[in-house]
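Undergrad: need a 3D model of the sequence below.
(chains A, B, C and D)
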Protein chains: 2
Amino acid sequence: MKSKKRTTIYDIAEKLNIAPSSVSRALNNSSYVKESTKKLILQTAEELNYKMNSLASNLRKGQSKTIGVIVPRINQNFFANVIAGIEDASYKQGYNLIICQSNELYEKEVQCVNTLINQNVDCIVISISVETINYQHLKNILDHHIELIQFDRVADELETLKVINDTLQASYEAVNHLINQGYKRIALLEGPQSLNIFRQRKEGYLQALKKHNIPIIDELMLENAWTKELGAQATRQLLSLPNPPDAIFASTSDFSALGVLEVATAMNIKVPSQLGICGYSNEDFTEITSPSITTIDQFSVDMGKTIANLYFEEMNNSNVSATPKTISIKPKLITRSSTQRSAE
Amino acid sequence: MKSKKRTTIYDIAEKLNIAPSSVSRALNNSSYVKESTKKLILQTAEELNYKMNSLASNLRKGQSKTIGVIVPRINQNFFANVIAGIEDASYKQGYNLIICQSNELYEKEVQCVNTLINQNVDCIVISISVETINYQHLKNILDHHIELIQFDRVADELETLKVINDTLQASYEAVNHLINQGYKRIALLEGPQSLNIFRQRKEGYLQALKKHNIPIIDELMLENAWTKELGAQATRQLLSLPNPPDAIFASTSDFSALGVLEVATAMNIKVPSQLGICGYSNEDFTEITSPSITTIDQFSVDMGKTIANLYFEEMNNSNVSATPKTISIKPKLITRSSTQRSAE
DNA sequence: CTGAAAGCGCTTACAG
DNA sequence: CTGAAAGCGCTTACAG
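TA: Below is the predicted model:
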């Protein structure tokens, strides 16, 4: 490799005095090449340090062997894990990942979609931003005959492949657990209701209360408490009520639950005896706070693998079904000290 | 969009009865097109829901506007943050990221490199796996005239662009801090010495001890303690010595430091009065353990931005310098309760 | 089993 | 300002 130019199949063909088409066939391990020439070609390719140009190959073949992934934030545990899972499964099939982050902005999400369409990806995997309420850009993906898989935060009304958590059920079980531990006034920290996952978590909360004939109290349900700071703020508000809650379900995230715990600790309120706390996501830190925090595991890496494998299955399965498949993964309630009154 | 085929510039050209080359020029905002025709073309492109085929464009232009990133694990806080930073800065320049994870395996790392060369990426950003001691695959990147930027875990002897932390200095300061807090027997949990960053952290430790005329004791330096479990195991070993350490510097990671803390707590050893603990990386959880853990912040998101911007600068700066640039980011010691004897 | 030719969808000298 | 033509590096019918 002295020249500025990369070795191409033409260089190999020239050196061996054969047709480029034969080189291509040999490199693709076609059976329509004599074993001896194939060996010769492979050896020469090695010698010349040949690397195939996937751009050219993909352009010609009309596919890119590339999956585009759009998430709100790459560096958020749940999404990083999902991406790691997708990468792992895709890699095994010879597929590459192009990653974009929307930063929770609708405008950037639209731009990401356009970029990925330009890049000719075979499939787009997306978890929508909190701002996204218009789905034209997602429809546009379908119009370009690119497979679309939504996960976790999905647009329900759009008929696409979906991989989700049964988050309503998980939420129901979490609240049920709190009730079983003897908590009577359970508050809910909600996420933005524009996202279906947060609507479902609220619904699970409501269903559990109804099931046990516990009255639903508006002042115990606070919106938009999905960061540590907002969770802390909401907690201060809740605990200063004339009739404060004896448990708080931070349905948005463990970060929010952490905010709750910190405020409670600062106010010298005993967890779990005076206040029960349940989070969502099973972040690493929930295990090591004192007390440790009850939460819900989403099996994020598995979710990523499931997403990739769903695509590969669908690709081979050409009989297009009327309603695209939805795979629901059952999350798991992890009970820890922050809600275990009975263990005290 | 009824047909299976995507709209191309030929479709637009045909509809408008002009040459494809003019369409291309208009779409690329060339000044060599009449304003009125440009407007017409743009409008028609919109109508036909045209998306340009980047594969074709990039093939023709001989660049891909794509940066390949190889990290040991995508879902590790530090790397996820670096990637987020790279993505952010790249996106602003119209570049895309192809992400691979080596899973700490040399073989997979080599495959990742080959894939990225095939994909014609313009630049490869890599933090090598713990197994990597042969750098032929990295040299191969350079042979293909692809820009190579190493970060954090770098092969020192390879002359490439590098973005690193001044980890020796950070380590030195951490140990210095421990000494200033009155700790006399400071143990070191080392990472695999095949990686330069762990060699440097050890060197920082040694230098700090020498500076203060503290004897270096072999039994206080334990290799390969870079997970929580290994950190815990090493701690048990250290604390059962006839003459145990009064501080442990988990130079490998905060996870290791967490292992130390958990063992100490279980053994009823008071932190920081009986045992000082310092970690590395400033993981989120270090702030919320009890006591909170002293650690070192690496400014990971900024590191990612620095990496991307270094590439863009080099690209525009065609005067190739003899020795490629190395950017060193100074990490910051975050002192917390786990080492603050004076604060007690 | 092998080769000549066309084409994937663009861009870019070149000519006018 | 516009068009005709060549070419980026491959793959794949087609013919032999």
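Undergrad: for the closest residue to chain B within the stretch 201-344 of chain A, give me its contacts.
TA: Residue nearest to chain B within the stretch 201-344 of chain A: residue A:285 (4.0 Å; CB to the nearest CB). In short, each C-beta sits where N, CA and C put it, glycine included. Neighbour list for residue A:285: A:254, A:258, B:284-285, B:288 [criterion: CB atoms under 8 Å, 6 or more residues apart in numbering or on different chains].
Undergrad: which one among the residues you listed gets closest to DNA strand C?
TA: residue B:284 (43.3 Å; CB to the nearest atom of the strand).
Undergrad: tell me who's in contact with that closest one.
TA: By CB under 8 Å, 6+ apart, residue B:284 lies in contact with A:285, B:77.
Undergrad: look at it and report its pLDDT.
TA: On the pLDDT scale, residue B:284 is placed at 84.
Undergrad: go on, residue A:318?
TA: pLDDT, residue A:318: 64.
Undergrad: so where does residue A:87 fall, helix or strand?
TA: helix A:77-92 (DSSP states H and E).
Undergrad: wait, does that helix contact chain B?
TA: Yes. Helix A:77-92 lies within reach of chain B by CB under 8 Å from any CB of the partner chain, at A:77, A:80-81, A:83-84, A:87-88, A:91.
Undergrad: all helices of chain A, in order?
TA: Under the criterion DSSP state H, chain A contains helices at A:9-16, A:20-27, A:35-47, A:54-61, A:77-92, A:106-118, A:136-143, A:167-180, A:196-211, A:228-239, A:254-266, A:300-316.
Undergrad: mean neighbour count and distance to residue B:308 for the ones you listed - can I get that in a markdown table?
TA: Output for the helices of chain A, formatted as a markdown table (neighbours: other CB atoms under 10 Å in any protein chain shown; distance: least, CB to CB, whole Å):
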| stretch | mean neighbour count | distance to residue B:308 |
| --- | --- | --- |
| helix A:9-16 | 17 | 33 |
| helix A:20-27 | 19 | 33 |
| helix A:35-47 | 14 | 33 |
| helix A:54-61 | 18 | 22 |
| helix A:77-92 | 23 | 18 |
| helix A:106-118 | 20 | 16 |
| helix A:136-143 | 17 | 25 |
| helix A:167-180 | 22 | 35 |
| helix A:196-211 | 19 | 32 |
| helix A:228-239 | 20 | 29 |
| helix A:254-266 | 24 | 27 |
| helix A:300-316 | 19 | 25 |
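Undergrad: and the ones you listed as a markdown table, adding distance to residue A:151?
TA: Below are these laid out as a markdown table (distance: least, CB to CB, whole Å):
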| stretch | distance to residue A:151 |
| --- | --- |
| helix A:9-16 | 39 |
| helix A:20-27 | 36 |
| helix A:35-47 | 39 |
| helix A:54-61 | 25 |
| helix A:77-92 | 7 |
| helix A:106-118 | 14 |
| helix A:136-143 | 13 |
| helix A:167-180 | 12 |
| helix A:196-211 | 10 |
| helix A:228-239 | 25 |
| helix A:254-266 | 19 |
| helix A:300-316 | 6 |
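Undergrad: minimum distance to residue B:239: which of those has it?
TA: helix A:254-266 (28.7 Å; CB to CB).
Undergrad: where does chain A have low pLDDT?
TA: A:1-4, A:318-322, A:343-344 (pLDDT under 70).
Undergrad: tell me the domain ranges of it?
TA: A:9-52, A:63-164+A:300-329, A:167-298+A:333-339 (automatic domain parsing).
Undergrad: tabulate those (CSV), appending distance to residue B:149.
TA: Below are those laid out as CSV (distance: least, CB to CB, whole Å):
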stretch, distance to residue B:149
domain A:9-52, 19
domain A:63-164+A:300-329, 17
domain A:167-298+A:333-339, 29
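Undergrad: wait, which of these is closest to residue B:99?
TA: Per CB to CB, nearest to residue B:99 of those: domain A:63-164+A:300-329, 5.0 Å.
Undergrad: that closest one close to DNA strand D?
TA: No. With CB under 7 Å from any atom of the strand as the criterion, DNA strand D is not reached by domain A:63-164+A:300-329; the gap is at least 9.2 Å.
Undergrad: first-to-last residue distance for that domain?
TA: Chord length of domain A:63-164+A:300-329, first to last residue, is 30 Å (CA to CA, to the nearest Å).
Undergrad: ok, now stretch A:208-218?
TA: End-to-end distance for stretch A:208-218, by CA to CA: 15 Å.
Undergrad: quick one: residue A:94 and chain B, what's the gap?
TA: 8 Å (CB to the nearest CB, to the nearest Å).
Undergrad: what's the answer for residue A:160, then?
TA: 17 Å.
Undergrad: same check on residue A:110?
TA: Counting by CB to the nearest CB, the gap from residue A:110 to chain B is 13 Å.
Undergrad: can you count the residues close to residue A:269?
TA: By other CB atoms under 10 Å in any protein chain shown, 16 other residues sit near residue A:269.
Undergrad: that one contacts residue A:240, correct?
TA: No. If you go by CB atoms under 8 Å, residue A:269 and residue A:240 don't touch, sitting 11.7 Å apart.
Undergrad: shared neighbours of those two, which are they?
TA: Here residue A:269 and residue A:240 share no contacting residue, scored by CB under 8 Å, 6+ apart.
Undergrad: surely residue A:67 is in contact with residue A:96?
TA: Yes. Assessed by CB under 8 Å, residue A:67 is found in contact with residue A:96 at 7.3 Å.
Undergrad: which neighbours do the two have in common?
TA: Common contacts of residue A:67 and residue A:96 (CB under 8 Å, 6+ apart): residue A:90.
Undergrad: neighbour count winner among these two?
TA: Between residue A:67 and residue A:96, counted using other CB under 10 Å, the more crowded position is residue A:67 (27 against 24).
Undergrad: check contacts around the nearest residue to the more buried one once chain neighbours are set aside.
TA: Distances taken as CB to CB, 6 or more residues apart in numbering or on different chains put residue A:123 closest to residue A:67, at 4.8 Å, once the chain neighbours are dropped. For residue A:123, the contacting residues are A:67-68, A:146-149, A:311, by CB under 8 Å, 6+ apart.
Undergrad: pull the number of nearby residues for the closest residue to residue A:202 other than its chain neighbours.
TA: Counting by CB to CB, 6+ apart, residue A:190 is the residue found nearest to residue A:202 once chain neighbours are left out, at 5.5 Å. If you count neighbours by other CB under 10 Å, residue A:190 ends up with 22.
Undergrad: can you check residue A:242 too?
TA: 5.
Undergrad: so how far is DNA strand C from it?
TA: Counting by CB to the nearest atom of the strand, to the nearest Å, the separation of residue A:242 from DNA strand C is 66 Å.
Undergrad: closest to residue A:331 among the residues of helix A:77-92 next to chain B?
TA: Of the residues of helix A:77-92 next to chain B, the one sitting nearest to residue A:331 (CB to CB) turns out to be residue A:81, at 13.2 Å.
Undergrad: now the residue nearest to that closest one when sequence neighbours are not counted: how far from residue B:77?
TA: Spatial nearest neighbour of residue A:81, excluding adjacent residues (CB to CB, 6+ apart): residue A:300 at 3.6 Å. To residue B:77, residue A:300 is 14 Å away according to CB to CB, to the nearest Å.
Undergrad: again, but for residue A:307
TA: Distance, residue A:307 to residue B:77, by CB to CB: 22 Å.
Undergrad: next one: residue A:108
TA: Relative to residue B:77, residue A:108 is positioned 23 Å away (CB to CB).
Undergrad: one step back: pull the residues that contact the helix holding residue A:87.
TA: Here helix A:77-92 makes contact (CB under 8 Å, 6+ apart) with A:67, A:69, A:71-74, A:96-97, A:99, A:125, A:127, A:151-152, A:281, A:283-284, A:298, A:300-309, A:312, B:73-77, B:80, B:99-101, B:103, B:108.
Undergrad: contact partners for the closest residue to residue A:230 other than its chain neighbours?
TA: Spatial nearest neighbour of residue A:230, chain neighbours left out: residue A:224 (6.3 Å); criterion: CB to CB, 6+ apart. Each residue near residue A:224 by CB under 8 Å, 6+ apart is listed here: A:190-192, A:230.
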